[in-house]
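Chemist: no FASTA, just this:
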């Protein structure tokens, strides 16, 4: 059982609900409601994302060994061999394209599907570049943010021409991943990144830990607040600028949730004491809240029930699988 749990952790099983849902959001927004294509899109999104995480874990084996909380990761502890990890990565890449073939079976490859194929290939290339060279290049976070956003775009282009709302969610996806990598990870790993020679935006702008205190310069705070305020405004653009229909209660709920996530972002960016365990918990809560905002924005566009399912599936999936692997809820080992 311990071996099975190790592989489940390596494959990010508790997070698959969130990872696979990204291109599903795009497909639903394009008007696709059939379970079969949505299931295939879910699998493609999950496998493509897990591939990226696995390569990152493989590259970071030695670095993760310097962090107490990460020494129990399957590759670092030796529960899963490096050889097996590479074999799984190859299998994930192959299987991703196999499911793409199933998704498009007996359908002509038009310009949109060809563009979708380019997107998923570019996502793999940019994600792998980040995994291998990300800690050596300041600003490489932009590559992984684009990579995930391209997986979302794949979900739309697989079914036709992207609409305005698709491009808005594309930008929101890019912003969210960029914030996660630059701000959340920059703060969470500030106690050891500099020791390992990591080059990132957080360290470049002066984020550092001294004993139990963390110093977060105004420039870094401005960067983080800027990203979040930009996305906060963008959530209302479909309704205010492009005339998409909405429920009044929907906009009120969206506004309340945005205020809450801005409060949590402020709490993170204004930290004075460094407690990695508490930071991980805060990041976990932030992540689930932020992922729920796009489905709320889509209530009046794709329907209330599909949107509610988009919110519930990642959360329920995470709650069901996390305890069974011996992990603590909302404290991802990252």
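Modeler: Sure thing, it's come through. For clarity, every value in this text was computed on a predicted model and none was experimentally measured.
Chemist: I'd like to know which elements the longest helix out of those in the chain is packed against.
Modeler: When the chain is parsed with DSSP state H, its longest helix is helix 35-59. Helices and strands touching helix 35-59, as assessed by 3 or more CB pairs under 8 Å, 6 or more residues apart in numbering; DSSP states H and E, comprise helix 16-29, helix 74-77, helix 82-103, helix 111-133, helix 141-157. For the C-beta atoms, the positions are set from N, CA and C on the backbone; glycine is no exception.
Chemist: okay, the ones you listed in JSON lines with mean neighbour count and distance to residue 322 next?
Modeler: JSON lines is the format used below for those (neighbours: other CB atoms under 10 Å; distance: least, CB to CB, whole Å):
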{"stretch": "helix 16-29", "mean neighbour count": "25", "distance to residue 322": "11"}
{"stretch": "helix 74-77", "mean neighbour count": "19", "distance to residue 322": "15"}
{"stretch": "helix 82-103", "mean neighbour count": "15", "distance to residue 322": "21"}
{"stretch": "helix 111-133", "mean neighbour count": "18", "distance to residue 322": "24"}
{"stretch": "helix 141-157", "mean neighbour count": "25", "distance to residue 322": "22"}
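Chemist: hey, least reliable of those helices by pLDDT?
Modeler: Mean pLDDT is lowest for helix 74-77 among those, at a mean of 81.
Chemist: any idea how far residue 320 is from residue 14?
Modeler: 8 Å (CB to CB, to the nearest Å).
Chemist: if you count what's nearby, which of those two comes out ahead?
Modeler: Summary of the neighbour comparison: residue 14 and residue 320, criterion other CB atoms under 10 Å, with residue 14 having more neighbours (22 against 12).
Chemist: who touches residue 103 in this structure?
Modeler: Residue 103 makes contact with 37, 40, 41, 44, 158 under the criterion CB atoms under 8 Å, 6 or more residues apart in numbering.
Chemist: in the protein, what residue sits furthest out from the centroid?
Modeler: Counting by CA atoms, centre = their mean, the extreme residue of the chain relative to its mean C-alpha position is residue 106, 31.7 Å from that point.
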